[in-house]
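Trainee: Predicted model and sequence below, questions to follow.
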Amino acid sequence: MGELIYCRKPIAANPFYIDEVGLNIYSLEELSYYIFHNPYLCDFSLAEMDLIQWISDELDEKEVAKQLKELLSENAPFHMFVGRLLSSCGYLTQSEIRQTMEVIASIENKSEGECKKIRADRLMEKNKIEDAIYEYENILLDTSDLSNFLIGDIYHNLGTAYARLYFFGQAIKHFEKAYSLNQRRESLVAMFYAIRCNRNELQFEAAVQKYNIPEEEAAKFKNDVTEASTCEEITSFGKQLDDMRASYGSEELYEKQLKNMIDDIQTKYNNMCRM
C-alpha cells in the first residue's frame, strides 16, 4: 500500500479481495487505511456478507462481524456501516473516522453515475490521469441516469485529462462535445486553447467562424497560449540547453547528451501515458 501499517492482531492467512481495485486486504488496519484514503472509491458493494464472514472467520473478530451483520440486516446507511468498521481496530482517530463518514454520506444518496463521476474527479485531483480517463469513459457507457448537463461536464473532464497527456486532438473533440451538451463557456474556451496548442491554424479559424467568436476574443485565446508557452520554466529550459551546448564545446558531445535527455523525457512520458 505504499507505507508500513502496524497491525495489533495477527493478519489473515487468506486475504479479502476488493475486486474494483484489484487489492488484497489482510487486516482491519489495512482495510481502514484503504477506506480512509479512498472514500470516493467505496460504495455499498463493500457492505456484503462475504466481508463480514471474512472478518469473522479469518480475523476471528466475531463481535465486530455480529455488529456489522446487524447493521446490514437493518438496512443502515452505508456511512454507518463504514463508521462501525473503522472504529473496530483503532487504526484511525475519531476525527479521521468522522471525516470519512461525512465524505461517504455526501455521495451515498446520489445516483450511481453521479457517484462514479465524483470518484473519477478525485482520481484527476490525485493526478491519476489514466485511471480517471478509464472511469469517465466507463460512465459514458450508460448515461441513462445522468442529465445532458452532467454528461457534458464528464466530456469536459475527459478533454482536460487528454490535454494533460498532450493528446490535444482527443481533447478538442471532447471539449466540443462537452460544449454541445452543457453550454459552459469554460468548455468552449478550453476547446480553443486545445486547438491552439495543437498548432492547427486552419482548424482554429474554422472554429472561430463556427462559434462566431469576436476577433478580439480569438486574439486573446492565441495570446494566452503564447504566454503560457513562453513562461519562465520553458524559457529557462531553453537557456539550459544553450549553456549545455557552450559547456560541451563539441557539437557531437552536445547532441549525444541532448539525445539522452530526450530519451529520458520520452520514457517518463510513455510511462505516464500507459493505459
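Mentor: In hand now; what should we look at?
Trainee: Now do the helices in the stretch 1-150 of the chain.
Mentor: Secondary structure of the stretch 1-150 of the chain (DSSP state H, counting those that start in this stretch): helices at 28-37, 49-57, 62-73, 78-86, 94-107, 112-125, 129-139, 148-164.
Trainee: So what touches the fifth one?
Mentor: In other words, helix 94-107. The contact list for helix 94-107 (Cβ atoms under 8 Å, 6 or more residues apart in numbering) reads 35-36, 39-40, 42, 77-80, 82-83, 86-87, 92, 114-115, 118. The C-beta positions use only the backbone N, C-alpha and C, and glycine is treated the same way.
Trainee: Which members of those are classed as buried?
Mentor: The neighbour count (16 or more other Cβ atoms under 10 Å) marks 35-36, 39-40, 42, 77-79, 82-83, 86-87, 92, 114-115, 118 as buried among these.
Trainee: residues in contact with stretch 153-172?
Mentor: For stretch 153-172, the surrounding residues in contact (Cβ under 8 Å, 6+ apart) are 117, 120-121, 124, 129, 132-133, 136-137, 139-140, 146, 173-175, 177-178, 181-182, 184, 186-187, 190-191, 193-195, 197-198, 203, 269, 272-273.
Trainee: Swap in 6 Å and give it another go.
Mentor: Contacts to stretch 153-172, defined as Cβ atoms under 6 Å, 6 or more residues apart in numbering, come from residues 117, 129, 132-133, 136, 139, 174-175, 177-178, 182, 187, 191, 194-195, 197-198, 273.
Trainee: Got the domain ranges for this structure?
Mentor: 16-107, 112-229, 240-273 (automatic domain parsing).
Trainee: pLDDT score for the residue nearest in space to the middle of the chain?
Mentor: When Cα atoms, centre = their mean is applied to the chain, the residue found nearest the centroid is residue 123 (1.8 Å). Looking at residue 123, its pLDDT reads 84.
Trainee: Do I have it right that it meets residue 132?
Mentor: Yes. At 4.0 Å, residue 123 counts as touching residue 132 under the criterion of Cβ atoms under 6 Å.
Trainee: Export only the CA atoms of stretch 214-232, formatted as CSV.
Mentor: C-alpha atoms of stretch 214-232 as CSV (Å, rounded to 0.1, in the frame of the first residue of the first chain):
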residue,chain,number,x,y,z
PRO,A,214,-15.2,38.1,-31.9
GLU,A,215,-11.8,38.9,-33.3
GLU,A,216,-10.6,40.4,-30.0
GLU,A,217,-11.5,37.3,-28.1
ALA,A,218,-9.9,35.0,-30.7
ALA,A,219,-6.7,37.1,-30.4
LYS,A,220,-6.9,36.7,-26.6
PHE,A,221,-7.0,32.9,-27.0
LYS,A,222,-3.9,33.0,-29.1
ASN,A,223,-2.1,35.3,-26.7
ASP,A,224,-2.9,33.3,-23.7
VAL,A,225,-1.4,30.1,-25.2
THR,A,226,1.6,32.1,-26.4
GLU,A,227,2.3,33.5,-23.0
ALA,A,228,1.9,30.0,-21.4
SER,A,229,4.4,28.5,-23.9
THR,A,230,7.0,31.2,-23.1
CYS,A,231,6.7,31.0,-19.3
GLU,A,232,9.8,31.1,-17.2
